[in-house]
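In: give me the fold of what follows.
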Amino acid sequence: MATSWPPILPSTVKYFYGRITREEAECILQGHGATEGLYLLRESIGVLGNFAISICHNSNIHHYAIEKQHDGQYRIGQGRPCIGPVELIQHHRVDIDGFITVPTHPCNRLPGQSPIAFRGMTYVDLENALLTKAEKEKIKPESIFGAQRQHLILKVALDLHQKQPWFHNRISRDEALQRLQRDSDHQNGKFLVRLRDDKKSFALTLMYMNEPRHYIIQKQSGDDKLGIPEGPKFDCLLMMIDHYHNKSDGLLCKLTSPCVVPGYDTKKLSKYLESCSNNVSYTSSAILQRQSSGERNQPLSPTSRTPSTKRQLPATPKEATKVVNQNGAANRPSLPSSRRPSLPPLPARDVLIRGEWDPPEANSRSRIAMDEVDSKIYDTVPRNKETFNLSRDQIVLEGDLGSGQFGSVKKGNCTLRSGKVIPVAVKTLKNEDISGQAEMKREAELMSQLVNPYIVRMIGVCSADNIMLVLELLPSGPLNSYLKSHKETPQWNVCELMWQVAEGMNFLSSKNFVHRDLAARNVLLSNPHTAKISDFGMSKALGREGNYYEASEAGRWPLKWYAPECVYYWKFDTKSDVWSYGVTLWEATSYGEKPYRRMKGQEILEFVESGRRLDRPEQCPDDIYRIMMECWRYEKRERPSFSELAVKMEYQFKSLQQDNY
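Out: Modelled structure (predicted):
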């Protein structure tokens with residue numbers, strides 16, 4: 001193959017994502033459908049200057065380390081050397097030469113994305129800085145990708161920590177603690193770095209389980225590299241912080257978001273946060289929470305010519321349909337009949353399906369839908385015990401919104417102690433249903449702990465003649481009802497709403513909550529572009545030592561939304577919520593149709609047990625249906641986590657929206 005000098009800069013090709021992890025690359029490729037020959041190029045998060053290609057074959061994702069050789073060329077294993085990683089990919093498009101498949105389809109970044117150099121720094125920023133440094137040192141510009149590249153990067157990065165929002169310069173340990181405590185967000189991995197009194201070493205302070213933890217960062221004797229005791233060593237502080245965003249590697253947890261130094265420029269902060277998350281089109285909190293599902297990154301093998309890790313994905317929609325329609329055979333290992341649990345006896349038919357929030361007729365529904373409610377008003381509501389316990393005279397009830405399992409839901413107004421009046425939804429208990437009081441109080445206590453943009457906000461509880469839960473008003477109503485009457489809603493908009501649901505469920509998962517009743521009827525809309533999860537009457541907190549909740553009785557269960565293990569063993573965890581998410585996604589993409597419409601309880605169980613699944617809705621894109629099929633894998637460990645679903649749904653939303661314009 002003919003070569004030329006200088007090599008093509010990776011940052012100039014659309015399929016290069018910069019320094020992202022193997023795990024993130026897999027999420028991106030899965031989000032694009034993981035089709036045969038789909039690939040992306042990334043820079044290694046390990047050895048500076050090395051690269052990797054991630055490529056899809058037979059629904060698996062494979063990774064090849066692209067190592068820089070002593071002569072400055074690049075190759076995989078014992079493959080043919082090339083002058084740069086882009087040229088290496090061009091070579092393998094012509095000659096497979098050790099690859100498992102031909103890289104035929106580049107997985108391009110979305111419009112507006114830039115490859116990430118370090119957390120908080122794009123490749124555009126880095127290479128501009130390298131050009132400036134090269135000019136000052138009278139080095140030829142083409143050297144920014146040649147032998148001088150690592151030398152220049154180190155020089156540029158050496159003092160960059162001083163411009164980062166997480167660097168607080170020389171402050172005391174007490175002041176560092178005060179700044180972290182003043183920050184309202186105490187998520188695991190919230191962090192700052194300060195210069196210690198000796199002016200030669202640093203201290204990293206991070207939050208873990210609401211407690212600050214401190215790590216000394218210093219140079220080892222005879223070595224200019226920085227590190228925490230017993231941890232890996234780095235050429236500079238910026239590279240170290242970037243590393244700990246990707247791996248805990250000796251810390252109690254990965255780093256997530258910075259505690260911002262006072263007075264930091266808001267425009268620079270916005271750019272920093274954008275390059276931390278949107279640059280690779282995934283929500284950083286979602287990716288970082290993936291570790292809670294038990295998954296771990298496997299290191300790239302620098303000498304391996306073929307990848308060792310193959311993550312199993314479901315068949316494509318057409319393949320899946322073919323598999324499940326041939327004699328009902330499931331695309332999974334079947335249990336021997338002696339080990340397979342027998343179908344359980346079902347309760348009465350009216351107990352199987354929990355009461356939905358069915359809105360009244362159009363006369364009141366349409367009037368409520370036209371109301372304008374700015375959800376930001378609820379962010380200003382005080383959150384303390386005194387304001388949470390409401391008196392009856394603070395609440396004025398108006399029209400009906402619908403009915404639930406234990407009572408009715410009404411529209412109303414709530415007068416706060418400050419005198420401010422806000423519109424609310426009020427869930428009231430039926431007079432005769434005394435047994436539901438305890439459950440409604442549990443729901444109130446649960447929801448009061450959950451603050452997230454995609455979770456319905458609990459305003460307070462009123463214990464008058466009837467227990468009243470006072471909630472944020474979502475004027476556009478339940479997702480299923482809204483889509484039934486708005487079938488002109490484009491699929492990208494539907495996908496946008498279900499991405500938000502995935503984000504909300506990922507938040508619940510990170511807090512060790514299982515919802516147990518996720519369905520389109522329990523997703524409420526503030527407006528056509530904002531969805532929030534509601535109805536926590538069946539939610540349970542997982543035990544600190546356990547990873548699932550075990551029900552003590554069947555009760556009123558939404559069987560059509562339940563995973564097999566919930567029905568057979570009465571065990572619920574976040575992966576059973578994932579199954580429910582798949583059904584909810586089916587409801588949304590079918591514009592509010594009811595799942596398993598003509599089936600009774602026993603028929604549904606036999607249908608699922610035989611390996612069959614709901615058909616693809618008529619207007620549902622194949623890639624979205626593929627995600628549903630992943631959610632409905634029989635073995636729960638094979639289902640995606642909500643952090644993965646959030647990544648995939650964000651990609652689908654942005655891709656569909658892009659295609660629409």
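
In: and residue 24, that one's in a strand?
Out: No: read with DSSP: H, G, I helix; E, B strand; the rest coil, residue 24 is helix and lies in no strand.

In: which helix or strand lies directly C-terminal to the host helix or strand of residue 584?
Out: Assigned by DSSP states H and E, residue 584 belongs to helix 574-589. Downstream of helix 574-589, the next assigned helix or strand under DSSP H and E is helix 601-609.

In: now for residue 261, how many residues are close by?
Out: 18 (other CB atoms under 10 Å). Using the backbone N, CA and C atoms, a C-beta is placed for each residue, glycine as well.

In: my guess is it meets residue 168, correct?
Out: Yes: the pair residue 261 / residue 168 is scored as a contact, 4.9 Å apart, by CB atoms under 8 Å.

In: between these two, which contacts overlap?
Out: residue 192 (CB atoms under 8 Å, 6 or more residues apart in numbering).

In: any weak-confidence spans in the stretch 401-550 of the chain?
Out: Residue ranges of the stretch 401-550 of the chain with pLDDT under 70: 403-407, 429-443, 445-447, 465, 536-550.

In: count of neighbours near residue 263?
Out: 6.

In: need the contact list for it.
Out: By CB under 8 Å, 6+ apart, the contact list for residue 263 is empty.

In: per-residue confidence at it?
Out: Here the pLDDT value assigned to residue 263 is 89.

In: swap in the one 5 residues further on?
Out: According to the predicted model, the pLDDT of residue 268 comes to 80.

In: state the helix or strand in which it lies.
Out: helix 266-277.

In: alpha carbons of stretch 239-251, as CSV, please.
Out: The C-alpha coordinates for stretch 239-251 follow below in CSV (Å, rounded to 0.1, in the frame of the first residue of the first chain):
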residue,chain,number,x,y,z
MET,A,239,-3.5,12.8,33.1
MET,A,240,-3.9,11.3,36.6
ILE,A,241,-7.4,12.9,37.1
ASP,A,242,-8.4,11.7,33.6
HIS,A,243,-7.3,8.2,34.5
TYR,A,244,-9.4,8.1,37.7
HIS,A,245,-12.4,9.2,35.8
ASN,A,246,-12.1,5.9,33.9
LYS,A,247,-11.0,3.5,36.6
SER,A,248,-11.1,3.5,40.4
ASP,A,249,-7.7,1.8,40.4
GLY,A,250,-7.0,2.2,44.2
LEU,A,251,-9.6,4.9,45.0
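
In: may I see the buried residues of that stretch?
Out: Of the residues in stretch 239-251, 239, 240, 241, 242, 243, 244, 245, 246, 247, 251 count as buried by neighbour count, 16 or more other CB atoms under 10 Å.

In: which residues touch the fifth one?
Out: For residue 243, the contacting residues are 45, 232, 234, 249, taking CB under 8 Å, 6+ apart as the criterion.

In: for those residues, which single residue is the most surrounded?
Out: residue 45 (24 neighbours).

In: what about the helices in the stretch 501-650 of the chain?
Out: Under the criterion DSSP state H, counting those that start in this stretch, the stretch 501-650 of the chain contains helices at 564-569, 574-589, 601-609, 622-631, 642-660.

In: now the last one and helix 622-631, what's the angle there?
Out: Orientation note: helix 642-660 sits at an angle of 170 degrees relative to helix 622-631 (axes from the mean of the first three to the mean of the last three CA atoms, to 10 degrees).

In: list the buried ones in helix 642-660?
Out: Residues of helix 642-660 classed as buried: 642-657 (neighbour count, 16+ other CB under 10 Å).

In: same thing with the first one?
Out: Applying a neighbour-count criterion of 16+ other CB under 10 Å, one finds 564, 565, 566, 567, 568 buried in helix 564-569.

In: distance between it and the chain's centre?
Out: 26 Å (CA atoms, centre = their mean, to the nearest Å).

In: could you do stretch 416-432 as well?
Out: On CA atoms, centre = their mean, the centre of stretch 416-432 falls 32 Å from the chain's centre.

In: stretch 100-109 now?
Out: Worked out by CA atoms, centre = their mean, stretch 100-109 lies 24 Å from the chain centre.

In: CA atoms only: put the helix or strand encompassing residue 174 into PDB for me.
Out: Using DSSP H and E, residue 174 falls within helix 173-182. Taking Å, rounded to 0.1, in the frame of the first residue of the first chain, the C-alpha atoms of helix 173-182 are listed here in PDB:
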ATOM      1  CA  ARG A 173      -7.900  20.600  54.300                       C
ATOM      2  CA  ASP A 174     -10.700  22.200  56.400                       C
ATOM      3  CA  GLU A 175     -11.500  24.700  53.600                       C
ATOM      4  CA  ALA A 176     -11.600  21.800  51.100                       C
ATOM      5  CA  LEU A 177     -14.100  20.000  53.300                       C
ATOM      6  CA  GLN A 178     -16.200  23.100  53.600                       C
ATOM      7  CA  ARG A 179     -16.300  23.600  49.900                       C
ATOM      8  CA  LEU A 180     -17.400  20.000  49.300                       C
ATOM      9  CA  GLN A 181     -20.100  20.300  52.000                       C
ATOM     10  CA  ARG A 182     -21.400  23.500  50.500                       C
END
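
In: buried stuff in that helix?
Out: In helix 173-182, counting by 16+ other CB under 10 Å, buried: 176, 179, 180.

In: separation between the second one and residue 124?
Out: If you measure residue 179 against residue 124 using CB to CB, to the nearest Å, the figure is 31 Å.

In: ok, the last one next?
Out: From residue 180 across to residue 124, the span is 32 Å (CB to CB).

In: for residue 180, give me its contacts.
Out: With CB under 8 Å, 6+ apart, residue 180 has these contacts: 186, 190, 192, 205, 207, 212, 259.

In: secondary structure element holding residue 253?
Out: Per DSSP H and E, there is no helix or strand for residue 253.

In: list the residues that contact it.
Out: Shown in contact with residue 253 (CB under 8 Å, 6+ apart): 188, 189, 206, 208, 291.

In: which two in these are spaced the farthest apart?
Out: 206 and 291 (14.9 Å; CB to CB).

In: who has more neighbours, these two?
Out: residue 206 (24 against 18).

In: now the more buried one: phi and psi?
Out: With angles defined as degrees, to the nearest 10, residue 206 sits at phi -130, psi 160.

In: what about the nearest residue to residue 164 once chain neighbours are set aside, how many neighbours?
Out: Spatial nearest neighbour of residue 164, excluding adjacent residues (CB to CB, 6 or more residues apart in numbering): residue 120 at 6.1 Å. If you count neighbours by other CB under 10 Å, residue 120 ends up with 26.

In: roughly how far apart are residue 120 and residue 271?
Out: 8 Å.

In: check contacts around the residue nearest to residue 580 when sequence neighbours are not counted.
Out: Counting by CB to CB, 6+ apart, residue 580 lies nearest to residue 518, which is 4.0 Å off, once chain neighbours are set aside. Neighbouring residues of residue 518 by CB under 8 Å, 6+ apart: 501, 505, 533, 561, 577, 580, 581, 584.

In: what is the nearest of those residues to residue 33?
Out: Once CB to CB is applied, the member of those that ends up nearest residue 33 is residue 581, at 18.7 Å.

In: hmm, the closest one is touching residue 645, no?
Out: Yes: contact criterion CB under 8 Å: residue 581 and residue 645 qualify, at 6.5 Å.

In: touching both of these two, which residues are there?
Out: Here residue 581 and residue 645 have 502, 505, 631 as joint contacts, going by CB under 8 Å, 6+ apart.

In: between those residues, which is nearest residue 414?
Out: Nearest to residue 414 among these, with distances taken as CB to CB, is residue 505, at 27.4 Å.

In: find the nearest non-adjacent residue to the closest one, please.
Out: residue 642 (4.6 Å).

In: can you check residue 532 too?
Out: Counting by CB to CB, 6+ apart, residue 456 is the residue found nearest to residue 532 once chain neighbours are left out, at 4.7 Å.

In: residues near residue 90, how many?
Out: 15.

In: please apply the same query to residue 616.
Out: The number of residues packed near residue 616 is 21, by other CB under 10 Å.
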